[in-house]
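Model the structure of this input:
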Amino acid sequence: MIGKRTAIWKKEEYLYEREGGEIPYLISYMHEDDQIRPAMIVVPGGAYRQVSSSEGDIVARMFYGQGYNVFVLTYSVNPEDAEPLHLQPLKDLARAVRIVRYYAKQCQIDADKVAVCGFSAGGHLCGSLGVHFKDIEEESPLLKEISCRPDAEILAYPVVTSGKYKNEESFLALLGEEPAKEELEYMSIEKHVTKETPPCFLWHTLEDRTVSVENSYLFAEACRKAGVPYAHHVFTEGVHGMSTAEKEWFEQKLKERPGKWTEEEQRYIYDALDAVGMWTELAKRWLKKTLDIKERQEIDSEDFIYQTWRSGLYK
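The predicted model follows:
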């Protein structure tokens, strides 16, 4: 089943309120067979102000094609810099991981192979769960005994630090204009990596002008010092927000925001796709080893299109 939407909170449970806001939810991309599969929760970026459309569906389809049962999380955001989010997005992701594990048998998922993949601010959210998973308590009696620690993390051009190289927009939406020193310290996730942090795959582009590559260097170094298994790939060229770095992503961005890049910038980004797009294969191989995936049923694009049409996702 592709395209099923599941709210992760009951209305009375969800405490973050903003005008026009909706309860966070998961969109599922599920194989309809009897094979037990690993799960991937995709967490798009958007500076904690929005949930980026270009880092959701296209990424989910990629992992679906690699044999995962996939979920895209729409989490709490703060588009008007109104009420700071604080821990609400972290609670959203923790709840999502617990829900996936709770329904693992029903959804043909291996509960010991639940990974997360976050982009930009979504990378910060995934990284936060990786270092703070013990702190996120669950009140639901059905879920409270279920671990929210991911088994592996992919952090793509992630926001990491609240220090010198921080992304101002993300921390403003998350913590407000005058955050307490303790909050900034807590959300500077490179400072909280321990040997219990999940294995991590990081990638970034050297010329990222939105989220400095120093963010992923800081997290990779923290993993190295703590003895956390990790891979870290930095590509020479490319801009922030390249998602799957495929031609399909590039064409989608041009349609969505035709004036975003000059012609020169378009040529630069297009020329970078071949190298940056390697991250998907590198991550696939890393995950296979990290999660000890012995077999993975891959599907072709025609099968995906048929299942998408049947589910009514694009009606």
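
other SSEs contacting the helix or strand encompassing residue 128?
Taking DSSP states H and E as the criterion, residue 128 maps to helix 121-132. In this structure, helix 121-132 packs against strand 37-43, helix 88-102, strand 109-119, strand 152-156, helix 181-187, with contacts taken as 3 or more Cβ pairs under 8 Å, 6 or more residues apart in numbering; DSSP states H and E. (Each C-beta comes from the backbone N, C-alpha and C, glycine too.)

Would you mark the buried spots in the second one?
Yep, that's helix 88-102 we're talking about. 88-102 (16 or more other Cβ atoms under 10 Å).

isn't there a strand covering residue 201?
Yes. If the criterion is DSSP: H, G, I helix; E, B strand; the rest coil, then residue 201 is within a strand.

tally of neighbours for residue 1?
For residue 1, the count of nearby residues is 14 (other Cβ atoms under 10 Å).

List the residues that contact the residue nearest to the spatial centre of the chain.
By Cα atoms, centre = their mean, the mean C-alpha position of the chain lies nearest to residue 118, the distance being 2.0 Å. Residue 118 is in contact with 42-45, 124-127, 153-156, 158, counting by Cβ atoms under 8 Å, 6 or more residues apart in numbering.

What separation do you get for the closest residue in space to it that isn't next to it in sequence and residue 276?
Closest residue to residue 118 apart from its sequence neighbours, by Cβ to Cβ, 6 or more residues apart in numbering: residue 126 at 3.4 Å. Computed with Cβ to Cβ, to the nearest Å, the distance linking residue 126 and residue 276 is 20 Å.

Compare these two (neighbour count), which wins?
residue 126 (30 against 23).

Give the residue spans of the stretch 1-150 of the chain that score low on pLDDT.
Counting by pLDDT under 70, the ranges of the stretch 1-150 of the chain that qualify are 19-20.

same question, the stretch 151-300 of the chain
295-300.

Could you rerun that using 50?
296-297, 300 (pLDDT under 50).

Tell me where it has strands.
Ranges of strands in the stretch 151-300 of the chain, per DSSP state E, counting those that start in this stretch, are 152-156, 200-205, 230-235.

Most tightly packed of those strands?
strand 152-156 (a mean of 27; mean count of other Cβ atoms under 10 Å).

and it, how far from the chain's centre?
Its chain's C-alpha centre and that of strand 152-156 lie 7 Å apart, by Cα atoms, centre = their mean, to the nearest Å.

Number the chain from 23, please
All set: I'll call the first residue 23, so the last point we hit is now strand 174-178.

by how many degrees do it and strand 131-141 diverge?
For strand 174-178 against strand 131-141, the angle by axes from the mean of the first three to the mean of the last three Cα atoms, to 10 degrees is 20 degrees.

now for strand 174-178, which elements pack on it?
Using 3+ Cβ pairs under 8 Å, 6+ apart: strand 174-178 touches strand 131-141, helix 143-154, strand 222-227, helix 301-312.

Indicate each strand paired with that strand and its parallel or antiparallel sense.
Strand pairing for strand 174-178, determined by DSSP bridges: strand 131-141 (parallel), strand 222-227 (parallel).
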